[in-house]
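# return atomic coordinates for the entry below.
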Amino acid sequence: GELVAVMGPSGSGKSTLLNLAGGLDRPTAGEVCVEGHILGQMSRRQLAALRRRRVGYVFQSLNLLPSLTAVENVALPLELDGVGVRSARRIAQAALAEVDMAGFEGRFPDALSGGQQQRVAIARALVGQRRLVLADEPTGALDSDTGDTVMRVLRARVDSGAAGVLVTHDMRQAQWA
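Numbers count the residues shown, from 1 in each chain. As a prediction, the model looks like this:
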């Protein structure tokens with residue numbers, strides 16, 4: 001139920017922290033525990049399932065699949081987890097609408113601006129029952145109004161019980177935490 005902002009100079013380990021919390025990297029010492037699961041003790045398959053179901057990740061590089069439309073990119077984690085295509089697409093459309101991307105569902109990433117691509121990535125991170133949202137500079141390519149829209153959506157998810165970790169260089173965005 002908290003949103004925590006992590007700030008610091010480049011190279012200080014902010015993105016590494018998110019990679020550890022999301023199970024993308026394994027710690028060389030200590031433990032990382034997410035929802036009672038010690039990530040270092042989980043198989044790659046178990047980690048992938050945990051990320052699909054419970055951990056939303058907004059990557060700095062976005063990581064959208066270029067061969068999928070916006071709605072397909074957002075629906076993919078749900079479909080991989082067994083949600084039917086129609087249902088997953090309906091949920092994905094609602095997530096896109098939350099970040100002001102209604103009407104862009106059928107566009108491929110290369111037909112979207114950088115800011116629009118970033119909003120698709122944010123919708124993908126928030127879709128479904130995600131209990132932990134890890135966001136690495138989620139508003140970096142957005143104007144201030146769109147950035148505020150995204151932060152309101154993230155804040156609402158946290159206020160409804162999810163946890164959020166926000167890496168940012170922007171003090172204005174950090175104030176949402």
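# and the residue lying closest to A162 once chain neighbours are set aside, how many residues sit next to it?
With C-beta to C-beta, 6 or more residues apart in numbering as the criterion, A162 has its nearest non-adjacent residue at 5.2 Å, and that residue is R131. Glycine gets a C-beta too; all of them are placed from N, C-alpha and C. By other C-beta atoms under 10 Å, 16 other residues sit near R131.
# what's near enough to touch R131?
E35, R54, V55, G161, A162, A163 (C-beta atoms under 8 Å, 6 or more residues apart in numbering).
# next one: the closest residue to A141 other than its chain neighbours from L142, what distance?
Spatially, and ignoring its direct neighbours in sequence, A141 is nearest to G114 (4.4 Å; C-beta to C-beta, 6+ apart). Separation of G114 from L142 (C-beta to C-beta, to the nearest Å): 9 Å.
# ok, L17 next?
For L17, the distance to L142 - C-beta to C-beta - is 22 Å.
# what does the helix ranked longest in the chain rub up against?
Identified as the longest helix of the chain according to DSSP state H is helix 144-159. If you take C-beta under 8 Å, 6+ apart as the criterion, helix 144-159 is touched by 1-3, 98-100, 115, 118-119, 122, 126, 130, 133, 135, 138-139, 142, 164, 166, 170, 172-173, 176.
# in which helix or strand does G30 reside?
Per DSSP states H and E: G30 is located in neither a helix nor a strand.
# from L20, how far off is the residue of the chain positioned farthest from its centre?
What lies farthest from the middle of the chain is A29; by C-alpha atoms, centre = their mean that is 25.9 Å. Going from A29 to L20 by C-beta to C-beta gives 11 Å.
# ditto for M42
For M42 relative to L20 (C-beta to C-beta), the value is 13 Å.
# just G161 next, same as before
Here the criterion is C-beta to C-beta. By it, G161 lies 23 Å from L20.
# about what we covered before: in the longest helix of the chain, what counts as buried?
T146, G147, D148, T149, V150, M151, V153, L154, R155, R157, V158 (16 or more other C-beta atoms under 10 Å).
# cool, stretch 9-29 as well?
For stretch 9-29, by 16+ other C-beta under 10 Å, it's K14, S15, L17, L18, N19, L20, A21, G22, G23, L24.
# among the residues you listed, which lie within strands?
Among the buried residues of stretch 9-29, none falls in strands (DSSP state E).
# can you redo these as TSV with pLDDT and distance to S61?
Converted to TSV, the buried residues of stretch 9-29 look like this (pLDDT from 0 to 100; distance: C-beta to C-beta, whole Å):
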residue	pLDDT	distance to S61
K14	94	15
S15	91	10
L17	95	17
L18	95	12
N19	94	12
L20	95	18
A21	95	17
G22	94	14
G23	93	18
L24	92	12
